[in-house]
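>>> here's my sequence, what's the structure:
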Amino acid sequence: LAPGKNAHGQDEKMWAWRLRNRIPVVDRRMRTKSRIPWCGLVLTIWLIHSFSAVGFADKLVLISPHWEGIRYEFERAFKARYQSETGRTVELEWMDVGGSSETLRYLQSEFKNKPAGIGIDIFFGGGLEPYLALKTERLLDAYALPKPLLEKIPPSLAGVPLYDSDHTWYGATLAGFGIVYNKVVLHLTKLPVITTWDDLASPQAFGWVGSSDPRKSGSVHMVYEIILQAYGWDRGWRIITGLGANVRNFTNAASQIPKDVAIGEVAYGLAIDFYAWAQVKEAGADKIGFVMPDNLTIITPDGIGILKGAANLDVAKAFIRFVMSEEGQKLWLLAEKTTDGPHRFQLNRFSVLPSLYALSAQSTAVKLNPFSWRSDFVFDSKLSSERWSIVNDLIGALVIDQKHLLTRAWKEALARSSEQEFQRLAAMPISADEALALAKTKWKDPAFRNQKLNEWIHFARSKYLLGVKPPIIRYEWYSLFAFAFLSLGLVAYSWKKRR
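The predicted structure is shown next:
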């Protein structure tokens with residue numbers, strides 16, 4: 001044994017002192033083991049708290065073409081309202097697959113594969129027509145708002161329903177359609193202020209018009225449908241053809257057009273009201289203007305509805321109630337950072353509650369009251385919904401996909417000032433009645449649809465190329481030359497390797 005140590009290797013003097021003072025000896029291993037249960041307890045409490053805050057939160061899955069500002073403001077406010085009402089937290093998951101038309105196609109495709117439900121609870125935004133189509137296909141679940149809420153919403157506005165009589169969808173907000181224009185550009189170029197749709201097809205507007213692709217944007221599709229209904233099928237297509245020839249380029253997003261107008265890329269643009277007002281707010285009313293053509297446009301609901309088979313049905317109903325409540329409606333209408341208004345993003349949208357337009361003009365972002373706005377134009381929303389897809393395909397095949405040929409042919413016609421030539425270029429391969437009949441019957445058959453699209457593309461090319469001098473080298477020939485050059489190179493390389 002070491003001097004001063006006992007059989008356990010402990011200091012004898014220290015051991016004797018502990019015995020006299022009755023202080024227990026604790027082995028280091030025991031001290032470590034005693035700490036383990038306390039650490040486990042703390043970890044368990046932390047995990048329970050974390051799961052109760054996140055893992056056990058209620059959930060809502062939404063699909064929406066709405067921009068970031070709308071998603072942020074409604075998520076923030078709904079989370080607060082939901083927790084105050086239920087004592088529980090809720091997490092919102094947003095899906096964005098593109099514009100209104102793309103979202104509708106996505107939903108239809110998903111339900112075709114999973115008819116009982118697709119794991120999405122709410123469709124929010126996208127205009128009116130997608131909801132009419134989804135109701136026809138029985139892909140929306142009905143939910144009747146509490147009577148005190150429903151009584152505050154008018155059933156219609158200028159003949160357009162603001163909610164479905166079967167309660168499968170509601171107009172969450174309203175949207176107006178018009179023309180946004182750059183006042184500075186007009187002054188510098190001596191261009192006129194345009195106040196009607198047909199003026200966008202005028203010779204003065206050649207190369208100065210902005211539009212997005214209606215196959216990707218529901219709001220721009222609505223403008224083209226409004227033109228067809230306001231002017232009739234034949235004259236409407238004459239305007240759409242001339243407008244298409246005047247468009248500088250077709251963008252993928254409707255939100256891009258007012259931005260292009262604001263920076264002077266184009267002078268005029270097709271726009272939904274809130275995109276235009278956002279640019280007016282940012283650039284100033286002295287630089288940017290917005291007009292809704294008198295008796296040639298409409299204000300329509302921008303919908304919300306519960307999708308068939310919603311897994312989080314109770315939360316979805318709570319979200320619908322919130323959006324349609326006065327608290328939710330104020331987010332659309334009020335200016336940023338006002339009492340009860342949005343915190344970070346000003347939304348510049350109409351409310352569907354007429355009572356809110358009595359609020360102070362200083363606190364509201366939108367000054368126009370749609371319920372006092374009058375128009376003699378009666379829009380047929382049922383017709384619009386039934387022929388939505390075929391009108392998009394006609395615009396695509398005859399105008400957008402043949403844009404380079406159309407623009408060149410229209411420019412030649414402008415040089416000759418030939419009305420007969422304009423009529424020929426605007427000729428249609430199908431009448432309004434024939435289009436509607438196809439839309440109701442064969443248009444969902446992919447083989448038939450593709451056949452017709454090919455026929456229309458050939459029809460468009462033949463009328464745009466007639467009387468137009470082809471370039472010395474057509475653009476299609478470049479591909480043939482490149483292919484021939486590559487083939488010769490491969491042959492030469494193979495011959496060299498064999499030698």
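>>> okay, now the unreliable bits of the protein?
Where the chain drops to pLDDT under 70, the residues are 1-55, 467-483, 485, 493, 495-499.
>>> hey, where'd the strands end up in it?
58-63, 90-95, 122-124, 140-141, 156-157, 160-161, 170-182, 209-212, 247-251, 268-272, 288-291, 299-307 (DSSP state E).
>>> among those, show me which one is buried the most.
strand 268-272 (a mean of 30; mean count of other C-beta atoms under 10 Å). For glycine as for every other residue, the C-beta is placed from the backbone atoms N, C-alpha and C.
>>> just checking, what packs against it?
Judged by 3 or more C-beta pairs under 8 Å, 6 or more residues apart in numbering; DSSP states H and E, strand 268-272 is in contact with strand 170-182, strand 209-212, helix 218-231, helix 256-262.
>>> list the helices and strands the third one packs on?
Other elements packing on helix 218-231 under the criterion 3+ C-beta pairs under 8 Å, 6+ apart are helix 100-113, helix 129-136, strand 170-182, helix 233-246, strand 268-272, helix 381-386, helix 388-395.
>>> list the contacts of Leu270.
The contact partners of Leu270, by C-beta atoms under 8 Å, 6 or more residues apart in numbering, come to 177, 179, 200, 209-212, 220, 223, 254, 257.
>>> let's see it at 10 Å
Counting by C-beta atoms under 10 Å, 6 or more residues apart in numbering, Leu270 touches 177-180, 197, 200, 209-212, 214, 217, 219-220, 222-224, 227, 243, 247, 254, 257-258, 261, 276.
>>> do Ile118 as well
With C-beta under 10 Å, 6+ apart, Ile118 has these contacts: 61, 63, 106-107, 109-112, 139, 307-311.
>>> how does it look with 6 Å?
For Ile118, the contact set (C-beta atoms under 6 Å, 6 or more residues apart in numbering) comprises 110-111.
>>> phi first, then psi, for it.
Note on Ile118: its backbone torsions stand at phi -120, psi 10 [degrees, to the nearest 10].
>>> likewise for Asp340?
According to degrees, to the nearest 10, Asp340 has phi 70, psi 0.
>>> for the helices and strands packed on helix 218-231, which one sits closest to Gln346?
Each of the helices and strands packed on helix 218-231 has some distance to Gln346 by C-beta to C-beta; the shortest is strand 170-182, at 13.8 Å.
>>> angle of the closest one against helix 129-136?
Strand 170-182 runs at 150 degrees relative to helix 129-136, counting by axes from the mean of the first three to the mean of the last three C-alpha atoms, to 10 degrees.
>>> so how far is strand 170-182 off the chain centroid?
Per C-alpha atoms, centre = their mean, to the nearest Å, the displacement of strand 170-182 from the mean C-alpha position of its chain is 13 Å.
>>> same for it, what does it pack against?
On a contact count with 3 or more C-beta pairs under 6 Å, 6 or more residues apart in numbering; DSSP states H and E, strand 170-182 meets helix 256-262, strand 268-272, strand 288-291, strand 299-307.
>>> give me the contacts around the first one.
Contacts with helix 256-262, where a contact means C-beta under 6 Å, 6+ apart, come from 180, 182, 210, 212, 266, 269, 271, 275-276, 279, 283, 288.
>>> ok, those vs Phe459, which is closest?
Of those, the one sitting nearest to Phe459 (C-beta to C-beta) turns out to be Ser212, at 24.2 Å.
>>> quick check: bridge partners of the closest one?
Assessed by DSSP bridges, Ser212 has beta-bridge partners Thr251.
>>> looks like it contacts Ser255 (just checking).
No - applying C-beta atoms under 6 Å, one finds Ser212 not in contact with Ser255, separated by 8.4 Å.
>>> please identify the most buried of the helices and strands packed on helix 218-231.
The highest mean neighbour count among the helices and strands packed on helix 218-231, using mean count of other C-beta under 10 Å, belongs to strand 268-272: a mean of 30.
>>> could you spell out the sheet neighbours of it, each with its direction?
Partners of strand 268-272 in its sheet, by DSSP bridges: strand 170-182 (antiparallel), strand 209-212 (parallel).
>>> which residues does the spatially closest residue to Leu191 that is not a sequence neighbour contact?
Distance criterion C-beta to C-beta, 6 or more residues apart in numbering; nearest residue to Leu191, sequence neighbours excluded, is Ala267 at 5.6 Å. Shown in contact with Ala267 (C-beta under 6 Å, 6+ apart): 182, 185-186, 191, 208.
>>> out of those, which end up buried?
Buried subset of those (neighbour count, 16 or more other C-beta atoms under 10 Å): 182, 185-186, 191, 208.
>>> got CSV for those residues, with distance to Ile395 too?
Shown next, in CSV, are the buried ones among the contacts of Ala267 (distance: C-beta to C-beta, whole Å):
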residue, distance to Ile395
Asn182, 25
Val185, 26
Leu186, 27
Leu191, 25
Trp208, 20
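>>> distance check, Asp96 against Ile179.
As judged by C-beta to C-beta, to the nearest Å, Asp96 and Ile179 stand 27 Å apart.
>>> put together JSON lines for the strands paired with strand 268-272, with distance to Ala492 on each row.
Shown next, in JSON lines, are these (distance: least, C-beta to C-beta, whole Å):
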{"stretch": "strand 170-182", "distance to Ala492": "55"}
{"stretch": "strand 209-212", "distance to Ala492": "47"}
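>>> residues contacting Lys135?
Contact analysis of Lys135 by C-beta under 6 Å, 6+ apart lists Thr168.
>>> apply 8 Å and report the result again.
Contacts for Lys135 (C-beta under 8 Å, 6+ apart) come out as 164, 166, 168-169.
>>> turn the buried ones among these into a named ChimeraX selection, would you?
Burial among the contacts of Lys135 is assessed by 16+ other C-beta under 10 Å; the matching ChimeraX selection reads:
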select :164,168,169
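>>> farthest-apart pair in the contacts of Lys135, please.
Asp166 and Trp169 (8.9 Å).
>>> how far does stretch 60-67 sit from its chain's centre?
Computed by C-alpha atoms, centre = their mean, the chain-centroid distance of stretch 60-67 equals 9 Å.
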